[in-house]
Each structure stands twice: as structure tokens, then as C-alpha cells.
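> mind looking at a prediction? Sequence and model below.
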Amino acid sequence: MRRFVVVMVQYTLIISGIGSLTFYLLRWWPGDSFIPVRFLNYAMPWLFGGLISMLVIALLIPECRNCRLFLAIPTLLLGLTLVPFITPSPMVEPASQDVLKVMSYNVCRPNKRITSITEVIRSVNPDLLLLHDVNPDFAENLISQVSDLYPSEDKHLAYDQASRQLIFSQFQLARQEVTWKQGRVLKVIIETSYGPIHVWNVHISQPLDWGQHDRELALLADA
């Protein structure tokens, strides 16, 4: 029975390693146009975590010595791909303090951790905050949470319930319109010491329909 279990573990580890390496190569061609690759790209951090766990198993079981190379190569490749996304970026001091700090933040509609989201916003403390996927009840709570960072008057925030786009501004703003053909775009003009600035809070549709996704990008670029 032990031999049978070990053999099954070996095959599982080898197939997982080969499959992960195949996925990594398919990311270069055909890329996201191939639907399985598109969904695996979203799950890459979890795939990387699974590979690490399987590599540990291969190191602990002497009979799985031959499996280690099959797992080590894709683990290394995926790890190198994810490094820029999981390591903190160094803060760069601007050459001049006369700058406008802008933050774009997709809070993810099912996300209810408003305290954690507020902490992220406070750590950046942007002059202009552009939020996406904000439900009405979440918007109301968030407005109260950051009331000490941004003036609470309507002239300093813009929210559109249909597109779930929210803008906070240290500067007075004037809402212009919401457009859908260019993606979900909430457009405002902010009045700054540099003069009026047109700001578009853009949330392109997910690329489940690549035709619609590309049309939105093309119309946005033309605009």
C-alpha cells in the first residue's frame, strides 16, 4: 500500500510540474487569447503556492527525488514572474514637492473589509482618489471613514451608483458625465493651483468578451 501511495504521489507531482511549465510557456503564446491561460493567470499566486507545497513534499519523500526537477523549474519561473508584484516598491521622493498625488484603487465589489481598505488609503494619503467597484452602502461607509482626509461637501466627491465609480478630491471638482462605450468612465474637472484638470476614472470591462474589451480601449484612446 505504501508503494502504491508513493507511486501515485510521484505521478501527481510530475504531472503537476509538467502542467505548470506548459501553462507558463502558453502565457507567451497564445497568451490570454486562450481561455484556460486567461483564468490561470488570475490564479497564478495560488498555483505558485501549490507548487511550493508540492516541492516540499518531494523533498521530504526520498522516492520522489526524480520529481524535484519537474517541480523546481516551474516554481522558479513562476516565482520570478511574481516577484515584482509581491515585493514592496521603494518610496521615491519627488524632485519637487509641487506635485499632485493620484491613487487608483479597485476595492473589488465583494470585499467588505472597509477598515483594511481605509488603512491602505491612509498610508498613501492621495490628493485625488479614484475608486472602482464601490457599492452604495460601501460608499456611504467609506465616506464617513475618510471624512478627516477629504472635505465632505459634494464639491469634493463624485459617486455614480450605476457604474460604481467614486472620486475623492482635496480640490473642488465639477462632475461632467458618465460614459459606458469607453468602459465605465466617471468624468470630472478638478480645480487646482495648476489650473483645471480633466480627470477620468476608468474601469474597463473584464476581458471575458475580448471584442467588447478591445472596442472600449480603442474608443478610450481615440477620446
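Happy to help now that I have it.
> only C-alpha atoms from now on, for both contacts and neighbour counts.
Noted.
> which strands and helices lie in contact with the lengthiest helix in the chain?
Among the segments of the chain that qualify as a helix by DSSP state H, the longest is helix 2-26. Applying 3 or more Cα pairs under 8 Å, 6 or more residues apart in numbering; DSSP states H and E, one finds that helix 2-26 contacts helix 35-42, helix 44-60, helix 68-86.
> got the buried residues for the longest one?
Looking back up the chat, that one is helix 68-86. 68, 70-72, 74-75, 78-79 (16 or more other Cα atoms under 10 Å).
> now flag whichever of those is closest to M103.
Proximity of the buried residues of helix 68-86 to M103 (Cα to Cα) peaks at G79, which lies at 27.3 Å.
> what's the local residue count around N141?
12 (other Cα atoms under 10 Å).
> that one: which element?
Assessed by DSSP states H and E, N141 sits inside helix 136-145.
> C-alpha coordinates for that helix, CSV please?
This file holds the C-alpha atoms of helix 136-145, laid out as CSV (Å, rounded to 0.1, in the frame of the first residue of the first chain):
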residue,chain,number,x,y,z
PRO,A,136,-23.8,52.3,-2.4
ASP,A,137,-23.6,51.0,1.2
PHE,A,138,-19.9,50.7,0.9
ALA,A,139,-19.6,54.2,-0.5
GLU,A,140,-21.6,55.6,2.4
ASN,A,141,-19.4,53.9,5.0
LEU,A,142,-16.2,54.8,3.2
ILE,A,143,-17.1,58.5,3.0
SER,A,144,-17.5,58.6,6.8
GLN,A,145,-14.2,56.7,7.3
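> mind giving me the packing neighbours of that helix?
Partner elements for helix 136-145 (3+ Cα pairs under 8 Å, 6+ apart): helix 114-124.
> now do the helix it packs on, average pLDDT.
If you average the pLDDT over helix 114-124, you get 94.
> and what of stretch 149-162?
Stretch 149-162 shows a mean pLDDT of 88.
> same check, this time on stretch 129-137
Mean predicted lDDT for stretch 129-137 stands at 94.
> and it, end to end?
18 Å (Cα to Cα, to the nearest Å).
> what residues does that stretch touch?
102-109, 161, 163-169, 201, 203 (Cα atoms under 8 Å, 6 or more residues apart in numbering).
> mind listing what's buried along that stretch?
Buried, per 16+ other Cα under 10 Å, within stretch 129-137: 129-136.
> these in strands, which ones?
When the buried residues of stretch 129-137 are checked against strands (DSSP state E), the matches are 129-132.
> possible to save those residues as a markdown table with distance to R175?
What follows is those, written out as a markdown table (distance: Cα to Cα, whole Å):
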| residue | distance to R175 |
| --- | --- |
| L129 | 15 |
| L130 | 13 |
| L131 | 15 |
| H132 | 16 |
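> quick one: which of those residues is nearest P45?
Closest to P45, out of all of those and judged by Cα to Cα, is H132, at 22.6 Å.
> any weak-confidence spans in the chain?
Within the chain, the set of residues satisfying pLDDT under 70 comprises 91-97, 152.
> rewinding a little: Throw the helices and strands packed on helix 2-26 into JSON lines and include distance to I14, thanks.
Shown next, in JSON lines, are those (distance: least, Cα to Cα, whole Å):
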{"stretch": "helix 35-42", "distance to I14": "19"}
{"stretch": "helix 44-60", "distance to I14": "10"}
{"stretch": "helix 68-86", "distance to I14": "6"}
